[in-house]
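In: Can you look at this prediction? I've put the sequence above it.
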Amino acid sequence: MAVGTVVAVCRSENKGERKKDYGSGVLVAGHGFEEDAHAGDWHRQVSLLALESIDKMRSKGLDVNPGDFAENITTEGLVLPDLPLGTRMQLGNDVVLEVTQIGKVCHDRCAIYEQAGDCVMPREGIFTKVLQGGRVKTGDSITVFI
């Protein structure tokens, strides 16, 4: 069992844009975050990226922050791309997510890639579906069950 921390909780009104850190949000089972463009009835309801991954891009000279890679939840203390598909994680007291995809194919080069010649989200971001909804907030613990 691994334990990490929620560093940021981000949403956006439109796909293809950076997300804003709201500090908390409500996840709906089988849907994703309320008021987020990527929510819906599919396997990529909630995206996660580690602060450690963002720090890799910062080390390349980029001024990037949580949400800039369009991730919903920024974590700390977990190696997200090492989690097997089907892994479940509990965030805070109520929320349960299941890992459905590791990384993604970027069909278009994002602004981050254009600036740095690289982007960590396709390799190190993960996607989940919401099994049990509830409120998630910055500072919540993340307990991973493999």
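Out: Sure, I can see it. Just so it is clear, the structure is predicted and the values come from calculations on it, not from any experiment. Residues are numbered from 1 along each chain as shown.

In: where exactly do the strands run in this structure?
Out: Assigned strands in the chain, in chain order: 2-11, 20-21, 24-28, 32-33, 46-50, 73-76, 88-91, 95-102, 126-132, 134-137, 141-145 (criterion: DSSP state E).

In: Quick check: which of those is nearest to residue 39?
Out: The minimum distance between residue 39 and these falls on strand 32-33, with 3.1 Å, by CB to CB. C-betas here are computed from N, CA, C, even on glycine.

In: Check the offset of that closest one from the chain's centre.
Out: If you compare the mean C-alpha spot of strand 32-33 with that of the full chain, they lie 11 Å apart, counting by CA atoms, centre = their mean, to the nearest Å.

In: How about stretch 69-76?
Out: The offset between the C-alpha centroid of stretch 69-76 and the centroid of the whole chain comes to 4 Å, using CA atoms, centre = their mean.

In: what residues does it touch?
Out: Contacts of stretch 69-76 from elsewhere in the structure, counted by CB atoms under 8 Å, 6 or more residues apart in numbering, are 4-12, 16-19, 21, 25, 32-33, 36, 38, 46-54, 66-67, 91, 112, 119-121, 125, 136, 142.

In: residue furthest from the geometric center of the protein?
Out: residue 61 (22.1 Å; CA atoms, centre = their mean).

In: Which strand residues bridge residue 26?
Out: Applying DSSP bridges to residue 26 yields these beta-bridge partners: residue 135.

In: Check what pLDDT it gets.
Out: Listed pLDDT for residue 26 reads 98.

In: dump the residue contacts of it.
Out: Taking CB under 8 Å, 6+ apart, we find residue 26 in contact with 33-34, 133-136.

In: Separate out the buried members of these.
Out: In these, burial by neighbour count holds for 33, 133-134, 136, counting by 16 or more other CB atoms under 10 Å.

In: Can you name the two of those residues that sit furthest apart?
Out: Most distant of the buried ones among the contacts of residue 26, by CB to CB, are 33 and 134, 11.5 Å apart.

In: who touches both of these two?
Out: Counting by CB under 8 Å, 6+ apart, the contacts common to residue 33 and residue 134 are 26-27.
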